[in-house]
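*Asks:* Please find the sequence and the predicted model below.
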Amino acid sequence: MVSGSMSCVKYLMFIMNFVFVVCGIVLIVIGAVVQTQDVTRFLDTKYVTAPTILIVIGCAIFVLAFLGCCGAVRENSCMVQMFGILLFIVFVVEIAGAATAYMYRGQFEGLLKDNMNNSIAQNKSDAHVLWDEMQTKWECCGVEGAKDYIENGLNVPKSCCDAKEDSCSAAKAYPKGCYKQMLDKIKNKIAIVGGVSIGIGIVELIGVMFAWCLSSAIKKEYEGV
């Protein structure tokens, strides 16, 4: 058995793996929450896949935590070392994902507005449901206002007006558009995802260091026997 300070590392690593289980669950939940229809409906594929990546990473961390726990309890150098290597790979994937998101940040706002405008212009039935839900909930109308419907030769939907109104027109419609609220909502979710990812990334690096320290200690212990 490992002894001394490395014994403390062993138990700390076991505790950290419990933290990793929690982190994995958090990432899965955040990915599922972010990947809601009202947000992803107006985003390009590279943005839509971001929540999916979070869910995949969350599942990977969850599985890795089990590997780390088994390695620490059994004092298996190979399992602990593999845990450290795989955890480091997960950390690198997270960094790569963050760098990609940063690269495309300048395209994001224009892309969102264009997709929302296209959604109205195409006048598809599935988009009607989404727009009705969004306009009723946020008390907004169109992308920038009711004019978006008028310019596309469409009637202003009833969801653009107060429920008390029998019919809806541009004059009665909510004055503000939905674009800014959608943008703010997405930015808030991105900020939450970014903050959580940074915190989990720091925990992952500490976990990698603990794993390599414990693996080295186990090797030395058995080499000395």
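*Replies:* Sure thing, it's come through.
*Asks:* Show me the shaky parts of this protein.
*Replies:* The chain contains residues with pLDDT under 70 at 1-10, 34-51, 101-102, 104-106, 221-225.
*Asks:* again, 50 this time
*Replies:* Along the chain, segments meeting pLDDT under 50 span 1-3, 37, 225.
*Asks:* Helices along that one, start to end?
*Replies:* Counting by DSSP state H, one finds helices in the chain at the ranges 5-34, 37-40, 45-74, 77-103, 105-122, 125-138, 147-151, 179-223.
*Asks:* Can you lay out those as CSV showing distance to Cys168 and mean neighbour count?
*Replies:* All C-beta atoms are positioned from the backbone trio N, CA, C, and that covers glycine. Putting these into CSV (distance: least, C-beta to C-beta, whole Å; neighbours: other C-beta atoms under 10 Å) gives the following:
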stretch, distance to Cys168, mean neighbour count
helix 5-34, 31, 18
helix 37-40, 21, 16
helix 45-74, 31, 18
helix 77-103, 38, 17
helix 105-122, 15, 15
helix 125-138, 10, 15
helix 147-151, 10, 17
helix 179-223, 19, 17
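*Asks:* Nearest to Asp162 among these would be which one?
*Replies:* Among these, the nearest to Asp162 by C-beta to C-beta is helix 125-138 (9.8 Å).
*Asks:* So what touches the closest one?
*Replies:* Helix 125-138 is contacted from outside by 37-38, 41, 119-120, 140-141, 157, 159-160, 163, 174, 178, 181-182, using C-beta atoms under 8 Å, 6 or more residues apart in numbering.
*Asks:* how far is that helix from where the chain is centred?
*Replies:* Remark: helix 125-138 is offset 23 Å from the chain centroid, using C-alpha atoms, centre = their mean, to the nearest Å.
*Asks:* got the angle for that helix vs helix 105-122?
*Replies:* Here helix 125-138 runs at an angle of 110 degrees relative to helix 105-122 (axes from the mean of the first three to the mean of the last three C-alpha atoms, to 10 degrees).
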